[in-house]
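Enquirer: kindly generate the corresponding structure for this input.
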Amino acid sequence: MNAPVSRAKRSERLYIRLTIDEAEYVAGVADARGLSVSDYVRKTVLRGSGRRAGAMRRVLPTDAAGTIRELSAVARDLRRLVALSEANKTIDHDQLNACLIAVHAALDGFSV
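Expert: Have a look, this model is predicted:
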């Protein structure tokens with residue numbers, strides 16, 4: 001069972017020395033996981049200790065943020081299409097097709 005997560009403000013610091021390669025590796029792994037370096041190191045250090053690292057804020061890579069903005073715009077367009085279909089009981093095939101193309105293009109931004 002994990003110990004309760006402390007809601008106290010984090011004020012203590014630990015200092016470690018790393019080589020340039022090690023620091024770049026840690027930063028790269030943290031970025032790939034959408035975490036800040038501090039959150040990644042905290043999570044890694046506390047793994048297996050019976051404690052949880054607490055609520056970690058996720059940092060979005062800049063390319064993911066753009067993709068999310070695109071998907072939000074697509075969602076807005078889909079809501080408009082639903083409203084039109086409820087009012088008119090029909091959806092224009094070209095509008096629906098354009099929306100689906102935009103969804104596919106935005107999802108391509110999340111390629112692994």
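Enquirer: how far off centre is the longest helix seen in the chain?
Expert: Assignment by DSSP state H gives helix 62-88 as the longest helix of the chain. Centroid separation for helix 62-88 versus its chain: 18 Å, with C-alpha atoms, centre = their mean, to the nearest Å.
Enquirer: which strands and helices lie in contact with the next helix or strand after it?
Expert: For helix 62-88, the succeeding helix or strand toward the C-terminus, using DSSP states H and E, is helix 93-107. Secondary-structure packing of helix 93-107 (3 or more C-beta pairs under 8 Å, 6 or more residues apart in numbering; DSSP states H and E): helix 62-88. Just so you know, the C-beta spots here come from the backbone N, C-alpha and C atoms, and that holds for glycine as well.
Enquirer: quick revisit: packing partners of the longest helix of the chain?
Expert: So helix 62-88, by 3+ C-beta pairs under 8 Å, 6+ apart, packs with helix 93-107.
Enquirer: quick one, the helix it packs on and helix 62-88 angle?
Expert: 160 degrees (axes from the mean of the first three to the mean of the last three C-alpha atoms, to 10 degrees).
Enquirer: list the buried residues for helix 93-107?
Expert: By neighbour count on 16 or more other C-beta atoms under 10 Å, the buried set for helix 93-107 is 99, 102-103, 106.
Enquirer: and which of these is nearest residue 20?
Expert: Distance to residue 20 across the buried residues of helix 93-107 (C-beta to C-beta) is lowest for residue 106, with 36.2 Å.
Enquirer: pretty sure the closest one contacts residue 67?
Expert: Yes - if you go by C-beta atoms under 8 Å, residue 106 and residue 67 touch, sitting 5.7 Å apart.
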